[in-house]
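>>> Give me coordinates for this.
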Amino acid sequence: MLEGDAVNAAVDRDGALQALERELSVLLRRARAAQLEMARAVHPELESGAYGLLLRLEQVGPQRPTDLAAYFGVGKATMSRQLRSLKDLGLVTREPDPADGRAFLMTLTREGRRRFTGVREARRARYLSLMSAWDRSEVAELARLLHRLNEQSREV
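Okay, the predicted model is just below:
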């Protein structure tokens, strides 16, 4: 590659990274606002960060608090506080882990699942409306790329 080509490639890459940073910043800000709105729809006292916990428990089933903390990249104390709040609100329950009597698993309660499912269905309807003009392959590609970014960001 010629020196000028290398400079142009670096400028193009930097411009692309700046655009990515800008768009991710907007997306994350809007996502935080939407997450708070969804959390409040599940329960008026629910913290926005706890909505993701409900989503994870709904997707994968009962989980140890340590596994949840590792998945979300937060400390055990933060996870413990969020789970205690969910338990106090009646959205999750704590059950002994049959594989290890010293540990316990967090599980959605029937009420937690009912409330979460209603909010999730409303959110999916909003996504469907927002992306109605998108081709199915574009939606799949966006999901694939975001998954790749999320997986790599766990390594950082």
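>>> which outside residues touch the helix or strand Leu86 falls within?
Assigned by DSSP states H and E, Leu86 belongs to helix 76-88. Contacts of helix 76-88 from elsewhere in the structure, counted by Cβ atoms under 8 Å, 6 or more residues apart in numbering, are 45-47, 49-50, 53-54, 65-66, 68-69, 72, 92-94, 106, 112. From N, CA and C alone the C-beta is placed, and that goes for glycine too.
>>> which of these are buried?
Among these, those classed as buried by 16 or more other Cβ atoms under 10 Å are 46-47, 49-50, 53-54, 65, 68-69, 72, 92-93, 106, 112.
>>> Looking at those, spot the one nearest Val26.
Distance to Val26, by Cβ to Cβ, is smallest for Gly49 among the buried ones among the contacts of helix 76-88, at 19.9 Å.
>>> and the gap between that closest one and Thr109?
Going from Gly49 to Thr109 by Cβ to Cβ, to the nearest Å gives 19 Å.
>>> Could you do Asp12 as well?
Asp12 is 52 Å from Thr109, by Cβ to Cβ.
>>> picking that back up, just the buried ones among the contacts of helix 76-88: which has the poorest pLDDT?
For the buried ones among the contacts of helix 76-88, the weakest pLDDT value sits at Gly49, with 81.
>>> List the buried residues for the strand of greatest length in the chain?
Looking across the chain with DSSP state E, the single longest strand is strand 100-108. Across strand 100-108, burial judged by 16+ other Cβ under 10 Å covers 105-106, 108.
>>> same deal with stretch 74-86?
79, 82-83, 85-86.
>>> three-state assignment of Leu24?
helix (DSSP: H, G, I helix; E, B strand; the rest coil).
>>> show me the contacts for it.
Applying Cβ under 8 Å, 6+ apart, no residues qualify as near Leu24.
>>> Against Gly61, how distant is it?
Relative to Gly61, and taking Cβ to Cβ, Leu24 is found at 30 Å.
>>> Tell me where the chain has strands.
92-97, 100-108.
>>> ok, now which ones touch the spatially most central residue of the chain?
When Cα atoms, centre = their mean is applied to the chain, the residue found nearest the centroid is Gly52 (5.0 Å). By Cβ under 8 Å, 6+ apart, the residues touching Gly52 are 35, 72.
>>> any weak-confidence spans in this structure?
Applying pLDDT under 70 to the chain flags residues 1-11, 154-156.
>>> quick one: the helices in it?
With helices called from DSSP state H, the chain shows them at 3-42, 48-60, 65-72, 76-88, 110-130, 136-155.
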